[in-house]
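Undergrad: Have a look at this fold, sequence not included:
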């Protein structure tokens, strides 16, 4: 049996390998928040000074995600994906061995470079090597890390920092990274374009600057001591640069980001309407731990235990996603699921310390179910009608949009809390401990309303949207 034939025979394992690397990357970005106080004591600085390390990672993603598709086409998917795993793992070791804020920030920049290549190229490998009949299940598999990591990350981070050391958060990536690299070398074909397009340097600069400005602005909005005006200004500049990038791409012979994929209706709705959905739903993982700790007065550990109800809903729905989409179709499921998500996000804000535990767990669980269903639906529908030759461009644009809106969701949650506090006469730099249950009620309400605002986009979808994918899957 040839090496190529062996790789094709085991192609069904690719989604699981890629999902494992995704989980490593997504978990790393979520557990670090719980480790900040202990890290600050190690470096003899305040927790706020460590935010530079988190921002550095985010900005590295913003700069290098747009070029990931071009790099994969030129050097080969296996080469780039394997190298990204090596870079990410090495950077994790450097993070764990850091002795100062400067060393940690530099290591996070390197880790961001690895993550920027690992996620979009990993997704590209799966969609290129999976038959349409199995694509729904494959996408569901690689989507669950992004769904589960923000929920299970804080409890895991709290456990590690409480009973061991924050350094193990990063050092534990080493065995996973080695195992993933060996699996990639064994299973992944080194596909590349026979005649790769030249690098669009102007597009690279414009797209990187646009994403950097937007993500930095949203990061500022999530900081209580930062000026909302400055944050909005950065976002506006980023949007303007994004429009310039779009205009450039429409005229360039070989654009870095292929916006023509937005002409595919099913893909466009996942990027545009999906962005609104992700912002609303994405605010909850930021708001919910604060509600339980500041509003209910629970410890970080007990708060994490309540959040596990959402994780159970996330992971439990994963097993049913493909079956539900085959039976009821993308449009109907999207409309029902977004409605459920919006209503239960609002319901989260109505919870109080006196609410029966079973009711609290039910609300958190249903939110988790709806979140899992919608994120899996969006990730699957995105590639339903994309031609093979546009897969690389579609993966790049999808990854950039997903990363940007995830950051905007967190920032929206923080901004909603600040606005709620300001509405009752409190200052914009209000200490976190001074937020009231009323503030959380309004913040969750705003997040729920934003989620529901994405409904018209799904309503305009064709009734048979994604039907070809369902039929190939045996639906």
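TA: Everything's here; your move. Here the structure is a predicted model, which is why all the values come from computation and not from measurement.
Undergrad: Could I get the buried residue list for stretch 75-92?
TA: Buried residues in stretch 75-92, counted by 16 or more other Cβ atoms under 10 Å: 76-85, 87-92. Quick note: C-beta positions are derived from backbone N, CA and C, even for glycine.
Undergrad: hang on, residue 462 packs against residue 265?
TA: Yes - between residue 462 and residue 265 a contact is recorded at 6.9 Å, counting by Cβ atoms under 8 Å.
Undergrad: tally of neighbours for residue 298?
TA: Look at residue 298: counted by other Cβ atoms under 10 Å, it has 17 neighbours.
Undergrad: quick one: contacts for it?
TA: 292, 306 (Cβ atoms under 8 Å, 6 or more residues apart in numbering).
Undergrad: Give me the pLDDT for it.
TA: Looking at residue 298, its pLDDT is 79.
Undergrad: Out of the buried residues of stretch 75-92, flag the one nearest to residue 230.
TA: Ranked by distance to residue 230 (Cβ to Cβ), these are led by residue 91 at 29.5 Å.
Undergrad: Tell me the spacing between that closest one and residue 110.
TA: From residue 91 across to residue 110, the span is 4 Å (Cβ to Cβ, to the nearest Å).
Undergrad: likewise residue 13?
TA: From residue 13 to residue 110 the distance is 29 Å (Cβ to Cβ).
Undergrad: quick one: which of those two has more around it?
TA: Shown here are residue 13 and residue 110; by other Cβ under 10 Å, residue 110 has more neighbours (19 against 13).
Undergrad: ok, the more buried one to residue 175 distance?
TA: From residue 110 to residue 175 the distance is 19 Å (Cβ to Cβ).
Undergrad: Next: residue 241.
TA: Distance from residue 241 to residue 175, counting by Cβ to Cβ: 41 Å.
Undergrad: Who has more neighbours out of the two?
TA: residue 241 (20 against 10).
Undergrad: quick one: residue 307 and residue 285, what's the gap?
TA: Residue 307 is 8 Å from residue 285, by Cβ to Cβ.
Undergrad: again with residue 156
TA: Going from residue 156 to residue 285 by Cβ to Cβ gives 14 Å.
Undergrad: Those two - which one has more neighbours?
TA: Ranked by neighbour count (other Cβ under 10 Å), residue 156 and residue 285 place residue 285 first, with 22 against 17.
Undergrad: Tell me how far the host helix or strand of the more buried one lies from the chain's centre.
TA: Following DSSP states H and E, one finds residue 285 within helix 284-290. Distance of helix 284-290 from the chain centroid (Cα atoms, centre = their mean, to the nearest Å) equals 15 Å.
Undergrad: Check stretch 138-149 too.
TA: The answer for stretch 138-149 is 10 Å, by Cα atoms, centre = their mean.
Undergrad: one step back: and the helix holding residue 285, what does it pack against?
TA: For helix 284-290, the elements it packs on are helix 132-163, helix 300-328, helix 330-349, helix 357-381, helix 391-423, helix 437-452, judged by 3 or more Cβ pairs under 8 Å, 6 or more residues apart in numbering; DSSP states H and E.
Undergrad: Mean confidence (pLDDT) on that helix, please.
TA: 83.
Undergrad: For it, buried residues please.
TA: Buried residues in helix 284-290, counted by 16+ other Cβ under 10 Å: 284, 285, 286, 287, 288, 289, 290.
Undergrad: Show me the contact partners of stretch 202-219.
TA: Residues from elsewhere that reach stretch 202-219, judged by Cβ under 8 Å, 6+ apart: 54-55, 58-59, 61-67, 230-239, 241-242, 244-245, 248-249, 252, 255-257, 400, 403-404, 407-408, 410-412.
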